[in-house]
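[1] Let's see this in three dimensions:
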Amino acid sequence: MSEKLPIYLRITVSKKRVELTTGKECLEKDWENGKFIGNSSTANTMNAFLRQMELQVHDAHRKLLALGIDITAESLANELLGKKEAKRTLKQVFEAHNAEMDALVGSDFSKMTLLRYQTALRHVSQFLKEKYRISDIDIKKIDHKFLTDYDFFLRSVRKCSNNSAVKYIKNLKKIIKICLANGWIIKDPFANFKATVKEIDRVCLTNSEVTLLEQTDFANERLQRVKDIFLFSCYTGLAYIDIYQLKIDEVILGRRDERWIISNRQKTGTPTRIPLLPRAIYLLEKYADHPLRSNSEKLFPVSSNQKMNAYLKEIADVCGIKTILTFHLARHTFATTITLMNDVPIETVSKMLGHKNIKTTQHYAKIMDRKVDEDMAKLIIKLEEPKQEKTVAITTYSYTITK
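    Residues are numbered from 1 along each chain as shown. Reported below is the predicted structural model:
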């Protein structure tokens, strides 16, 4: 005796499907082309029941359209079953994302990346409160206008520069991609939205400014220490977080007893190999027995980035340096003044900076006008050198004819 098989209703929207049981069964021999075979009372009754279910799907479709609800296989199934679809909100998804990122800090993400997403969430919260007078919003209500309004908010209320605003927009875009991937929304609000990072000139210290810093001693131990650590970054290209985490075992001896820093960049996780200049070695040795790093694996007693930048402003005032000093300026200085200006190939500089792409190095290490001026001055001298005239010696031979 053949076994009866269950009959399912399959709903498919945009290649995604949901199957619902009808509660009915049928022998395989009695089923063909999606319905019962024959004109028996049983077949007619069952086919009428199945047609009624199809009509219910069409009714659910019209209802969702009228309500402005996204049509998905899941939303249609929920309407048929009388189930309310779980409402997902922007901050809810954002917070879940940040919680997962927090759990992966140190392995897949850096602490700084997490901090940026936490800041992005605070900006979104403030925007919702000030623009819409709400604490959260359904993700399905995020559209192109929401994005343009948020972009304006970042630039006007938060006073973000273009590139900072673009970065926060990209943080939001990642959250929207999560919603799209999970089928929680079907339309991408970023489809016609463009935000472009503008290339900016990277400021760096000149060689004379670096020398001025070296030659200025501070009676205040705190300022002297910050100056030295800043100079160490100028000579190695290490970012603040990388110097903050730099450990004793990351300084090794090379084949000729030269010293190298071998570590992974905190921001990107890419390996960094930097041969140390004599001035960098001097600073390492100077702080080898510093009381603030006693019993510590770290090489330098580094304060918070915020404090370091505040102290650097004091140092600039004392030295008479007009350039606004920030710790990251040291990395630009290494890329340009210390290396490229001294004819170190950009490929070598890129490797030492730990960049994955040499284009990134080109943004950091833009050749200064002085270098261009020096190179052109050499060319002018070369072109104006007096040309030595080539001479051809002609020897005259005399012949004596004897008879």
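
[2] Could I get the full set of helices for the stretch 51-200 of the chain?
    Taking DSSP state H, counting those that start in this stretch as the criterion, the stretch 51-200 of the chain carries its helices at 73-81, 90-103, 111-127, 144-156, 162-181.

[3] Of these, which shows the lowest average pLDDT?
    By mean pLDDT, the lowest-scoring of the helices of the stretch 51-200 of the chain turns out to be helix 73-81, with a mean of 82.

[4] So what touches it?
    With contacts defined as CB atoms under 8 Å, 6 or more residues apart in numbering, helix 73-81 is touched by 11-14, 16-18, 20, 56-57, 60-61, 63-64, 69, 83-85, 183. In short, each C-beta sits where N, CA and C put it, glycine included.

[5] Can you say which of the residues you listed are buried?
    With burial judged by 16 or more other CB atoms under 10 Å, the buried subset of those is I11, V13, V18, A60, H61, L64, E85.

[6] re earlier: which of the helices of the stretch 51-200 of the chain sits closest to M376?
    Between M376 and these, the shortest separation by CB to CB is 31.7 Å, and it involves helix 162-181.

[7] which other residues reach that closest one?
    Residues outside helix 162-181 that contact it (CB under 8 Å, 6+ apart): 88, 90, 93-94, 97, 116-117, 119-120, 123-124, 139, 142, 147, 150-151, 154-155, 158, 160, 185-186, 188-190, 195-198, 200.

[8] Name the residues of stretch 188-201 that are buried.
    P189, F190, A195.

[9] Then stretch 341-357?
    Of the residues in stretch 341-357, those buried (16+ other CB under 10 Å) are M341, V349, S350, K351, M352, L353, G354, H355.

[10] Quick one: mean pLDDT for stretch 56-63?
    Per-residue pLDDT values over stretch 56-63 give a mean of 88.

[11] how far does it sit from the chain's center?
    A distance of 44 Å separates the C-alpha centroid of stretch 56-63 from that of its chain, computed with CA atoms, centre = their mean, to the nearest Å.

[12] same question, stretch 207-227
    Using CA atoms, centre = their mean, the offset of stretch 207-227 from its chain centre is 33 Å.

[13] Quick one: mean pLDDT over that stretch.
    Per-residue pLDDT over stretch 207-227 has a mean of 93.

[14] and it, which residues are buried?
    Judged by neighbour count (16+ other CB under 10 Å), stretch 207-227 contains these buried residues: E209, V210, L213, F218, L223, R225, V226, K227.

[15] Kindly report the same for stretch 73-83.
    Within stretch 73-83, the residues scored as buried using 16+ other CB under 10 Å are A73, E74, S75, L76, A77, N78, E79, L80.

[16] How about stretch 149-164?
    Using 16+ other CB under 10 Å as the burial criterion, the residues of stretch 149-164 that qualify are Y150, D151, F153, L154, C160.

[17] for the record, mean pLDDT for stretch 281-300?
    Computed over stretch 281-300, the average pLDDT equals 82.

[18] how far is it from where the chain is centred?
    Counting by CA atoms, centre = their mean, stretch 281-300 comes out at 32 Å from the chain centroid.

[19] got it, and stretch 287-302?
    The chain centroid and the centroid of stretch 287-302 are separated by 32 Å, computed with CA atoms, centre = their mean.

[20] swap in stretch 307-317?
    In terms of CA atoms, centre = their mean, the gap separating the centre of stretch 307-317 from the centre of its chain is 28 Å.

[21] in it, what counts as buried?
    For stretch 307-317, the buried set under the neighbour-count rule, 16+ other CB under 10 Å, comprises M308, N309, Y311, L312, E314, I315, A316.

[22] Kindly tell me how buried the residue lying closest to the fourth one once chain neighbours are set aside is, as a neighbour count.
    When you say that, I think you mean L312. Leaving aside its chain neighbours, L312 sits nearest to L325 (3.9 Å; criterion: CB to CB, 6 or more residues apart in numbering). Residues near L325, counting by other CB atoms under 10 Å, number 25.

[23] per-domain residue ranges of this structure.
    Per automatic domain parsing, the structural domains of the chain span 5-81, 90-181, 207-380.

[24] so how far does the longest one reach from one end to the other?
    Think domain 207-380. The first and last residues of domain 207-380 sit 24 Å apart, counting by CA to CA, to the nearest Å.

[25] How far off centre is it?
    Relative to the mean C-alpha coordinate of its chain, domain 207-380 is positioned 22 Å out (CA atoms, centre = their mean).

[26] Use 45 as the first number from now on
    All right, first residue 45 from here; so that's domain 251-424.
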